[in-house]
Structure formats: structure tokens, C-alpha cells
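Asker: No letters, just coordinates:
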């Protein structure tokens, strides 16, 4: 890691270097059981269109595509998208992958957004912008669902990525959302960097920000 030139995780070059070098300790390298259960339980009730931001190798995109969702998996790192193209069947990659900046790309709204390691990859200074963008991209009643890296005892200044959030901090960011499900993830189902601090949480967007 000492050989990497870019130290700012807000820049795509940071991620390009690490994907190119194969240094991706945040990846669980597979489809997590919690997502499989969530899709099986909710299916078409979630709506059709799903966004996977900061998709990295996009292992989950094939599952979502096979389940009948209209999937858009984005990453602003060209190296990450190439990694995803290698990991996915060619026809799935052609349908779902797009190199794009989560904060700036043009898209119609989505029925749900799948979160896995994207928020934890962002410097905390960008978290309010992330929350606002999530709200903008979801239809009213849409769902944010996925994995969140939580640690109420996280030390300051925060080191990362991955950057851990306090639960109260996450609740404050997602004003206008209602938490519908929350459960800790077993350590053996997380990548080592998240083990013991990863939680599956689903949130429903009210369609309006809280006053």
C-alpha cells in the first residue's frame, strides 16, 4: 500500500490504483446471504429499477439481473468497471455496467438502491451529499437497502477507507427515511475489514425531507 500515489478516496485515481493492483480488502468476493434473503423475501414488491452505486466488481449484479430487476451498476473508477466486466457474464455486463459518478450522472429515479461498501468508501465530509443524492435518486416510497459499516466507538480523526459511521450519525443523515429492518451480520459473512461491525439495514424514503 505504501507504493500507491493517490491518497484521496474522493478521487477515481485512488480506486483505479487499488483495483489495478488487486488490493481490494473491502470485497467479500461473492453474493452475500443477506442480499439473497432480501431479494427472495421482497422480490417484485421492491419495484423494477435498482441502482448499485460504487459497484466495484459488481458480484451482486448478476443475481439482481437474474431476479428480473432493471439493474444499473455504476463506478467512477475505470479499473473497477473492467474488474466487473471480468467478473460478470458478458451479456449481464453489457446490460448493467456503466462508468459514472454517483454525484453527477443523469438518470431517472430508481425504485431501490443497493448499498455495499460505497458509503464506507467515501470521506465523511461527503456523507451529507451522499444522503441528499440518495433521496434525489429514489422514487417516493423507494428503498435504500444494504450493508452499513457501524461503530459507535469509532475514534477521531476517522481513518479509512473504509470509514465507519455511528448509528446515530447515520440516522441523522437519512432524515426523511424510515428504518424498516436492521440486523448485525455474522463475522464470517463479512470481509475482514468489516467483520463484527457490518449491519444489514433497510430504509424507506418518505419522498420529503424532514423539517
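Answerer: Nice, I can see it. Just so we're clear, the structure is a prediction, and the values are computed from it rather than from any experiment.
Asker: Run through the strands of the protein in chain order.
Answerer: For the chain, the strands defined by DSSP state E occupy 49-52, 70-75, 97-99, 110-116, 138-149, 177-184, 198-205.
Asker: Show me how far stretch 53-60 is from its chain's centre.
Answerer: 8 Å (Cα atoms, centre = their mean, to the nearest Å).
Asker: same thing with stretch 35-47?
Answerer: 17 Å.
Asker: Give me the buried positions along that stretch.
Answerer: By neighbour count with 16 or more other Cβ atoms under 10 Å, stretch 35-47 contains the buried residues 35, 38-39, 46-47. Every C-beta, even on glycine, is put in place using the N, C-alpha and C of the backbone.
Asker: Export those as JSON lines, with columns for distance to residue 100 and pLDDT.
Answerer: Below are these laid out as JSON lines (distance: Cβ to Cβ, whole Å; pLDDT from 0 to 100):
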{"residue": "35", "distance to residue 100": "22", "pLDDT": "96"}
{"residue": "38", "distance to residue 100": "24", "pLDDT": "97"}
{"residue": "39", "distance to residue 100": "24", "pLDDT": "97"}
{"residue": "46", "distance to residue 100": "22", "pLDDT": "96"}
{"residue": "47", "distance to residue 100": "21", "pLDDT": "96"}
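Asker: Greatest separation within these: which pair is it?
Answerer: Of all pairs drawn from the buried residues of stretch 35-47, the widest gap by Cβ to Cβ lies between 35 and 47 and measures 16.2 Å.
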